[in-house]
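Novice: Just a sequence and a predicted model for now, questions to come.
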Amino acid sequence: MIVEGLSVRFLVRGAEVRAVTDASFELRPGRLLALVGESGCGKSVLASALLGLLPGNAEVRGSARLNGLDVLAADETTLATKVRGRMIGLVPQSAVTHLTPVRTARSQLAEAVRALKPDQDVDELAERVGLPPKALDRYPHELSGGMAQRVAIAMALAGDPPIVLADEPTSGLDRPLVDRTMDLLAGLAEEGRAVLLITHDLAAARRSATDLAVMYASRLVELGPAAKVFADPLHPYTTGLLNALPEGGFRPIPGHPPELTHLPDGCAFRPRCPVSDTCSGDPALVAHDDDRLVACRRPC
Ligand SMILES: Nc1ncnc2c1ncn2[C@@H]1O[C@H](COP(=O)(O)OP(=O)(O)OP(=O)(O)O)[C@@H](O)[C@H]1O
Ligand code: NI
């Protein structure tokens with residue numbers, strides 16, 4: 001899927017919240033793109049836009065094309081019958097609350113398969129995500145967090161979608177379970193899907209992402225192969241995020257992101273930026289080399 005110039009703003013009581021500004025990126029088969037950034041920077045809004053799940057006060061611009069269909073321009077019928085579940089599978093944030101408590105995992109998964117791709121075998125699908133058949137016969141409250149997560153991932157795969165979106169799929173899980181979930185998502189990319197993982201957890205992103213996108217105050221500020229971005233961040237905000245990790249010395253970035261109702265015209269990171277004095281302030285992403293983009297004119 002090629003996303004170009006995606007912007008989302010919300011109109012709230014006369015104010016304008018600019019949640020996503022001019023985001024362009026590609027979700028490629030075989031790749032897992034992790035989208036990271038502080039709380040409130042626009043990650044979930046970006047994902048919701050791709051699924052046509054934004055509320056009525058949202059205004060969306062740009063395009064997101066796959067196989068000739070622009071999902072941002074699609075009507076509700078197209079979204080319901082072609083996009084959600086079939087083109088893009090969604091792994092929810094909380095697996096247990098996503099499932100109906102009064103029905104077994106098997107009956108819910110079977111229903112999703114019947115609705116989306118009846119030729120899929122439910123047990124085979126469960127097996128692919130590491131769910132033993134016995135677990136399928138349990139009710140959601142009888143499942144461990146890990147098993148519930150696998151049911152949710154199996155549900156996301158029920159329509160065999162080429163794209164999988166996972167918005168904070170590991171929040172609240174312990175580290176071994178985070179790792180297993182990440183490995184599972186990486187496996188989905190390895191079998192040829194395009195995966196977009198939204199996470200606060202840079203350690204999780206480092207484990208499984210092939211590509212990394214860093215978002216700050218509604219804009220992508222850096223995008224590139226994950227290994228390169230982690231080893232040699234170009235944007236001072238990316239450097240700041242890495243420095244805030246335990247292995248980076250627990251040094252959080254001083255200050256706070258700006259209000260999305262009052263974004264500056266130029267670089268929104270400037271007030272917190274350690275190198276801002278020589279910066280032109282142009283916030284657009286530009287090519288740094290063959291496979292990296294950065295929105296800073298003075299990469300550090
Ligand atoms: N329906 C809405 N109306 C107005 N503002 C909204 C609406 N939905 C989201 N926002 C605002 O859009 C901005 C981006 O929100 P979003 O949920 O995408 O952040 P996020 O990066 O996913 O944060 P987190 O990491 O905490 O999940 C926030 O300032 C949020 O308050
Ligand atoms: Ni979010």
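Specialist: Yep, that arrived. Ligands and ions are numbered 1, 2, ... in the order given.

Novice: now the closest residue to ligand 1 within the stretch 151-300 of the chain, what's its secondary structure?
Specialist: Ligand 1 sits closest to Leu260 of the stretch 151-300 of the chain, with a gap of 4.7 Å, by CB to the nearest ligand atom. To be clear about C-beta, it is placed using only N, CA and C from the backbone, and glycine gets the same treatment. When classified by DSSP: H, G, I helix; E, B strand; the rest coil, Leu260 comes out as coil.

Novice: Dihedrals phi and psi, it?
Specialist: The phi/psi pair for Leu260 (degrees, to the nearest 10) reads phi -70, psi -10.

Novice: I figured it was touching Val20, is that so?
Specialist: No: Leu260 lies out of contact with Val20 (CB atoms under 8 Å); the separation is 9.5 Å.

Novice: for the record, mean pLDDT for stretch 181-199?
Specialist: For stretch 181-199, mean pLDDT rounds to 96.

Novice: Distance across that stretch, terminal residue to terminal residue?
Specialist: Chord length of stretch 181-199, first to last residue, is 12 Å (CA to CA, to the nearest Å).

Novice: Go through it and flag the buried ones.
Specialist: By neighbour count on 16 or more other CB atoms under 10 Å, the buried set for stretch 181-199 is 181-182, 184-189, 193-199.

Novice: thinking again about what came up before, overlap in contacts of Leu260 and Val20?
Specialist: Taking CB atoms under 8 Å, 6 or more residues apart in numbering as the criterion, Leu260 and Val20 both touch Gly42, Ser218.

Novice: beta partners for Thr211?
Specialist: For residue 211 the amino acid is Asp, not Thr. On the basis of DSSP bridges, Asp211 is bridged to Leu33, Pro225.

Novice: number of nearby residues for it?
Specialist: Around Asp211 there are 26 other residues, counting by other CB atoms under 10 Å.

Novice: Provide a list of residues in contact with it.
Specialist: Contacts for Asp211 (CB under 8 Å, 6+ apart) come out as Arg31, Leu32, Leu33, Ala34, Leu223, Gly224, Pro225, Ala226.

Novice: where's the residue of the stretch 151-300 of the chain closest to ligand 1 relative to Gly37, distance?
Specialist: Between Leu260 and Gly37 the computed distance is 12 Å (CB to CB, to the nearest Å).

Novice: And Pro225, by the same measure?
Specialist: 18 Å.

Novice: So if I had to pick from those two, which one is more boxed in?
Specialist: More crowded of Pro225 and Gly37, by other CB under 10 Å: Gly37, with 24 against 16.

Novice: so what's Gly37 closest to, chain neighbours aside?
Specialist: Nearest non-adjacent residue to Gly37, counting by CB to CB, 6 or more residues apart in numbering: Met215, 3.6 Å away.

Novice: same question, Ala194
Specialist: Closest residue in space to Ala194, ignoring its immediate chain neighbours: Leu27 at 3.9 Å, by CB to CB, 6+ apart.

Novice: Pick out the residue of this structure closest to ligand 2.
Specialist: Of all residues in the chain, Ser44 sits closest to ligand 2, at 3.1 Å by CB to the ion.

Novice: My read is that that residue contacts Asp167, right?
Specialist: Yes: counting by CB under 8 Å, Asp167 is a contact partner of Ser44 at 5.5 Å.

Novice: shared neighbours, those two?
Specialist: Common neighbours of Ser44 and Asp167 (CB under 8 Å, 6+ apart) are Ile198.

Novice: what does the protein put close to ligand 1?
Specialist: Within the chain, the positions adjacent to ligand 1 are 10, 12, 17, 19, 37, 39-45, 55, 57, 200, 260 by CB under 6 Å from any ligand atom.

Novice: quick revisit: just grab the bridge partners of the residue nearest to Gly37 for me.
Specialist: The partner residues for Met215, given DSSP bridges, come to Leu220.

Novice: May I have the predicted confidence score for it?
Specialist: For Met215, pLDDT reads 98.
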